[in-house]
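Peer 1: below are the sequence and a predicted model; questions follow.
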Amino acid sequence: APATAAASAPAPAPAPGPGPGPAKNMTWDVEYILWAPDCQQRVMVGINGRFPGPTITARAGEVVRVTVNNKLQTEGLVVHWHGMRQVGTPWADGTASISQCAISPGDSFTYEFVADKPGTFFYHGHFGMQRAAGLYGSLIVEATAEQDEPYRKDYDGGELSVLLSDWYHENVYAQAAGLERKDKHFEWIGEPQTILINGRGQYDCMLGKVTNYHRGIDRYAKTCVRGKEAKLCRDEERCLRRSECGPYCPESQCAPVVFDVEPGKTYRLRIASTTTLSALNLQIEGHSLTVVEADGNPVEPFTVKDIDIYSGESYSVLLTTNHTPTFYRPGAFWISVGVRGRHPKTLPATAVLRYTNSRFQWPGSVPPATPAWDDIQRSKSFTYRIKALKNNAAATPPPKSAALNRTIVMLNTQTMVGGHVRWAINNVSLTLPATPYLGAYFYSLQGSAFDAKGEAPNGFPDGYNVSMPPGKNGYKARLSDRVYELPHGALVDVVLQNADMMRENTSESHPWHLHGHDFWVLGYGDGQYDAGKDFGKLNTDDPPLRNTVVVFPHGWTVLRFMADNTGAWAFHCHIEPHLHMGMGAVFIEGIEKIRELDVPREAMMCGVIRTAAAVLTPATPRSPAPAPAP
Ligand SMILES: O=C1O[C@H]([C@@H](O)CO)C(O)=C1O
């Protein structure tokens, strides 16, 4: 490994990333676009002129190579491949300040990594609040013939991809500015205007019949108009100005999503959520759903009427088209997606499941109502049911507790720091340094790149009462870019401990996402985790492997992972404003091995400095400037 690579590395550097193999090559222009995802035109971050970004479909083991051209004139960007473990390619993880420098405006960067395992994934921006601006899309990894997914034989109809998100009319710069205002001027982003399915929604109206249930969410709730908007469609000029084009124009950017299915078959729905904030619930009128995959891992199948899904999670569910069309059920059914966990102010999103023998285009029924937002018990019972598939090689059990090297307890608190509302982990509210951690370790610049004087705290003081706000606990947070350093191969438990927020008797659920890994979810509980009592009860027999897990209000969650992936990995709440407010941590793994990596200059520098041979030859010391004339 080069010692001071910028000055002495041999030129030119080999192409970064994994070796040869079948590859998926793509070139993306990322740019601002005017788009009307919910029939209202706004500025978004699009890829190749569209929103959402293109779906990537790869085979497991294939190399994915995406050249990203940053055509945003005024901001950097990175793309994170959510769920890809990036073994050996930590610089391709796409986290600004952690795995790479943000790609400068006008510059390009090629991500190159192995789609390491089959499953349902997605990609998204990971710089500032760029994901919320629309920079995301689906990433599907198909199994090879040899590794065949265990549930592959259980569906004969095909696959449907359902990417869920929430959408705000206020742009992300305004959202971020509001979050950063001081003291009583703090502006929370509030609830989204629209839930999107595959990037489409209908602001302020329902495709189906409106009921009192919908009026309870938005008292002005109405059914989207069909006739008037259809007339607008015929006026091509107006239709091209998309924002004037209603949902029923086929050309419209907010046209309802319709999944055409054959009767008498079983389909696999790949469902992923990249919401800014909302926890969602999805159900399909008249059909049950059998959960078979979570975050790319096979789970013991179980059948439910609806699923909860948090930001950062993905599931595959099997659905059988077992209805015979009747007068009342003509063969078109509502897919309904509503908000859970926070008092909803957003109407549920709807899409249509339409049998090919359906007598009607549209369901005539009322879209099914979302389960009560505050029925946390119901959410828990769904989440607790998720277990690893029995007797399956892809669902490896965790090493037993005896092998454990380290336990990190992470208390999350919402607290004031310097007049700002922030989130903190053990009193450290994460700020990100200008120098990516991966480069700081690779070039041995820890001391100057970030605060390396001490580690991020391993726990919180005894006697902290998690059912009281941090203020009443006399607990004061600070900003820091400190990290957790993990030696290669350490077996690590993380206890996520939720607590009271600044407002007494309030606590919210948080979906935590770990980069570079899947982890085993060993257990959940209410109140404060008590190692003496709870550790022995953790599930080490069939815990599910996941990359995202929820910690429930005033509860705890324990996860375990093996720190065997050399790199710098983010671990954070997947709620976009919460990460922005400091709710995250960084693990530096295999510290003793980082310098052996082949970190490409492209990830740590910008422009031609990264590739031009000239700058790589040792610089000739400049003669000292002449002394100024007396
Ligand atoms: O971080 C948050 O801030 C608000 C609220 O606590 C203050 O307005 C909220 O719901 C969050 O999750």
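Peer 2: Thanks, I have it. Keep in mind the model is a prediction, meaning the values are calculated, not measured.

Peer 1: which parts of the stretch 501-630 of the chain sit against the ligand?
Peer 2: Met501, Glu508 (CB under 6 Å from any ligand atom). Yep, even glycine has a C-beta here, placed from its N, CA and C like the rest.

Peer 1: work out for me the element the closest residue to the ligand within the stretch 301-450 of the chain sits within.
Peer 2: Here the residue of the stretch 301-450 of the chain nearest the ligand is Gln414; by CB to the nearest ligand atom that distance is 5.5 Å. Using DSSP states H and E, Gln414 maps to strand 406-417.

Peer 1: how about Pro325?
Peer 2: Using DSSP H and E, Pro325 maps to neither a helix nor a strand.

Peer 1: you'd agree it is up against Arg354?
Peer 2: No. The pair Pro325 / Arg354 is not scored as a contact, 10.7 Å apart, by CB atoms under 8 Å.

Peer 1: overlap in contacts of those two?
Peer 2: The contact sets of Pro325 and Arg354 overlap at Gly331 (CB atoms under 8 Å, 6 or more residues apart in numbering).

Peer 1: more neighbours: which of these two?
Peer 2: Taking neighbours as other CB atoms under 10 Å, Pro325 and Arg354 compare with Arg354 leading, 19 against 15.

Peer 1: apart from its chain neighbours, what residue comes closest to the more buried one?
Peer 2: Ala332 (4.7 Å; CB to CB, 6 or more residues apart in numbering).

Peer 1: hmm, the one you found is touching Thr356, no?
Peer 2: No. Applying CB under 8 Å, one finds Ala332 not in contact with Thr356, separated by 10.8 Å.

Peer 1: those two: who's more crowded?
Peer 2: Set Ala332 next to Thr356 and count neighbours by other CB under 10 Å: Ala332 wins out with 20 against 10.

Peer 1: which residues touch that one?
Peer 2: Val352, Leu353, Arg354, Tyr355, Ser358, Phe360, Gln361, Trp362, Pro363.

Peer 1: that older thread, what does the residue nearest to Arg354 show for phi and psi?
Peer 2: The phi and psi values for Ala332, taken as degrees, to the nearest 10, are phi -120, psi 130.

Peer 1: how close does it sit to Gln361?
Peer 2: Ala332 sits 7 Å away from Gln361, going by CB to CB, to the nearest Å.

Peer 1: so what sits against both of these two?
Peer 2: What both Ala332 and Gln361 touch, as defined by CB under 8 Å, 6+ apart, is the set Arg354.

Peer 1: list the buried residues in stretch 526-539.
Peer 2: If you call a residue buried by 16 or more other CB atoms under 10 Å, then stretch 526-539 has these buried ones: Gln528, Tyr529, Asp534, Phe535, Leu538, Asn539.

Peer 1: ah, wrong one, I meant stretch 95-114
Peer 2: Buried-residue list, stretch 95-114, by 16+ other CB under 10 Å: 95-104, 107, 109-114.

Peer 1: where does the stretch 201-350 of the chain dip in pLDDT?
Peer 2: When residues are selected by pLDDT under 70, those of the stretch 201-350 of the chain lie in 236-243.

Peer 1: can you give me the helices for it?
Peer 2: Ranges of helices within the stretch 201-350 of the chain are 212-217, 227-234, 236-240, based on DSSP state H, counting those that start in this stretch.

Peer 1: and the ones you listed as CSV, adding mean neighbour count and distance to the ligand?
Peer 2: Formatted as CSV, those follow (neighbours: other CB atoms under 10 Å; distance: least, CB to the nearest ligand atom, whole Å):
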stretch, mean neighbour count, distance to the ligand
helix 212-217, 15, 17
helix 227-234, 13, 35
helix 236-240, 12, 39
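
Peer 1: need the contact list for the residue of the chain found nearest the ligand.
Peer 2: Proximity of the chain to the ligand (CB to the nearest ligand atom) peaks at Trp188, 3.7 Å away. Residues in contact with Trp188, defined by CB under 8 Å, 6+ apart, are Gly178, Leu179, Pro577.

Peer 1: which SS state does the second one fall under?
Peer 2: The three-state label given to Leu179 by DSSP: H, G, I helix; E, B strand; the rest coil is helix.

Peer 1: give me the neighbour count for it.
Peer 2: Leu179: 20 neighbours (other CB under 10 Å).

Peer 1: surely Val417 and Val428 touch.
Peer 2: No. Assessed by CB under 8 Å, Val417 is found out of contact with Val428, at 9.9 Å.

Peer 1: need the overlap of contacts for these two.
Peer 2: Common contacts of Val417 and Val428 (CB under 8 Å, 6+ apart): Ala477, Arg478, Leu479.

Peer 1: if you rank these by neighbours, which is first?
Peer 2: Ranked by neighbours (other CB under 10 Å), the shared contacts of Val417 and Val428 are led by Ala477, which has 21 neighbours.

Peer 1: dump the residue contacts of that one.
Peer 2: Contacts for Ala477 (CB under 8 Å, 6+ apart) come out as Thr413, Thr415, Met416, Val417, Arg422, Ala424, Asn427, Val428, Ser429, Pro470.

Peer 1: filter those down to the buried ones.
Peer 2: Thr413, Thr415, Met416, Val417, Arg422, Ala424, Asn427, Val428, Ser429, Pro470.

Peer 1: is the residue of the chain closest to the ligand in a helix, a strand, or coil?
Peer 2: Reducing the assignment at Trp188 to three states with three-state DSSP gives coil.

Peer 1: hey, what's Met416 bridged with?
Peer 2: Val421 (DSSP bridges).

Peer 1: got the contact list for it?
Peer 2: Applying CB under 8 Å, 6+ apart, we find Met416 in contact with Arg422, Gly471, Ala477, Met502.

Peer 1: in space, what's closest to Pro553 - neighbours in sequence excluded?
Peer 2: Using CB to CB, 6+ apart and skipping residues adjacent in sequence, the residue nearest Pro553 is Ser507, 3.7 Å away.

Peer 1: make sure the one you found is indeed in a strand.
Peer 2: No. Counting by three-state DSSP, Ser507 falls outside a strand, being coil.

Peer 1: what's the local residue count around it?
Peer 2: Using other CB under 10 Å, Ser507 has 20 neighbouring residues.

Peer 1: which ones are touching it?
Peer 2: Residues near Ser507 by CB under 8 Å, 6+ apart: Asn498, Ala499, Asp500, Met501, Pro553, His554.

Peer 1: re the thing from before, possible to save the buried ones among the contacts of Ala477 as CSV with pLDDT?
Peer 2: CSV is the format used below for the buried ones among the contacts of Ala477 (pLDDT from 0 to 100):
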residue, pLDDT
Thr413, 98
Thr415, 95
Met416, 96
Val417, 97
Arg422, 98
Ala424, 98
Asn427, 96
Val428, 97
Ser429, 98
Pro470, 95
